[in-house]
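**Student:** Need a 3D model of the following:
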Amino acid sequence: MNLNPFWSMSGSTSRKQRPDNEEQSGHAEQRASPARLPFGKKQLPPIPKNAAPITKPASAGAPGQSANGTHASYGPFYLEYSLLAEFTLVIKQKLPGIYVQPSYKSALMWFGVIFIRHGLYQDGVFKFTVYIPDNYPDGECPVMFDIPVFHPLVDPVSGELDVRRAFTKWRRNHNRIWQVLMYARTIFYKISTTEPLNPEAAVLYEKDVHLFKSKVVDSVKLCNSHLFDLPKIEDPYAIRLVNLCCVEAHEENVVSRAHVAALICLVSLRGTQLFTKKQKNGCSHTG
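**Tutor:** Residues are numbered from 1 along each chain as shown. Predicted coordinates for the structure are as follows:
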């Protein structure tokens, strides 16, 4: 009979050392044992009773799917990289008259300011804050003006912009934050009065445009009167507008427009480096 050399040698050795009764019991145990699995496969031992199942931790590198869409399914690192990509898109778009700076304390908060150069809100400079939700990119980004602007789409008390008008259902990987910023600028040039957050402004725009313009002028003056106030939110990266009209080095660059005459430049509180470039007319501009 042909046997495997290894098993035949080990078997013959054990027979010499074991008594007959132990050899017989050993054969009985082998008969009762389960059939050997094919070579290369292993059989796990049975799970002990009352043993708690072991759950595999979620991988931070591969975001999972979540029913409620919270950013916990993506992980904080994925969220931060997503926001960094969004901010890169904002820079590449070179949005005219719009400046933004992410918060130092939280990546979910961006500070911004809009310069309006013509139209009903001409010479208006409006500070705002973008609040990015925890479930981003599955939720829209609210925009709050520091001082409520007299506008049909801006809440007269809270200063919140009606973002859902333009983004009825926020779609991941389709809607971007730069689009929200562009929408915040467009409302000052294309005024809509349907389902307004400020009914008074909507009615005046439709029935008494002269009174509406008067209210807008007052609103612009109010906002511009607080341009050089300290930021409402204490943050090292909060945008601060600085009046440079008294600086001798810039006296020759003063021109007629209100916000240009003041030579309003964006300065980060972390230093004195300007992060915008000046146009020929003395106005800061992205790009």
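**Student:** Leaving out chain neighbours, which residue sits closest to Phe87?
**Tutor:** Spatial nearest neighbour of Phe87, chain neighbours left out: Pro102 (6.1 Å); criterion: CB to CB, 6 or more residues apart in numbering. Just so you know, the C-beta spots here come from the backbone N, C-alpha and C atoms, and that holds for glycine as well.
**Student:** got the contact list for that neighbour?
**Tutor:** Contacts for Pro102 (CB atoms under 8 Å, 6 or more residues apart in numbering) come out as Leu83, Phe87, Met109, Trp110, Phe111, Tyr237.
**Student:** what pLDDT does it get?
**Tutor:** The model reports Pro102 with a pLDDT of 93.
**Student:** The contacts of Pro102 in helices, which ones?
**Tutor:** Members of the contacts of Pro102 lying in helices (criterion: DSSP state H): Leu83, Phe87.
**Student:** need the contacts of Pro102 in CSV with pLDDT, distance to Val149 and neighbour count, can you?
**Tutor:** Below are those laid out as CSV (pLDDT from 0 to 100; distance: CB to CB, whole Å; neighbours: other CB atoms under 10 Å):
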residue, pLDDT, distance to Val149, neighbour count
Leu83, 91, 26, 18
Phe87, 93, 25, 17
Met109, 95, 20, 17
Trp110, 96, 18, 26
Phe111, 96, 17, 24
Tyr237, 92, 24, 17
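**Student:** okay if I get the contacts of Pro102 as CSV plus distance to Ser192?
**Tutor:** Shown next, in CSV, are the contacts of Pro102 (distance: CB to CB, whole Å):
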residue, distance to Ser192
Leu83, 29
Phe87, 28
Met109, 27
Trp110, 24
Phe111, 26
Tyr237, 33
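**Student:** Contacts only, for the nearest residue to Glu140 once chain neighbours are set aside.
**Tutor:** In space, and not counting its chain neighbours, Glu140 is closest to Trp170: 4.2 Å by CB to CB, 6+ apart. By CB under 8 Å, 6+ apart, the contact list for Trp170 reads Pro137, Asp138, Gly139, Glu140.
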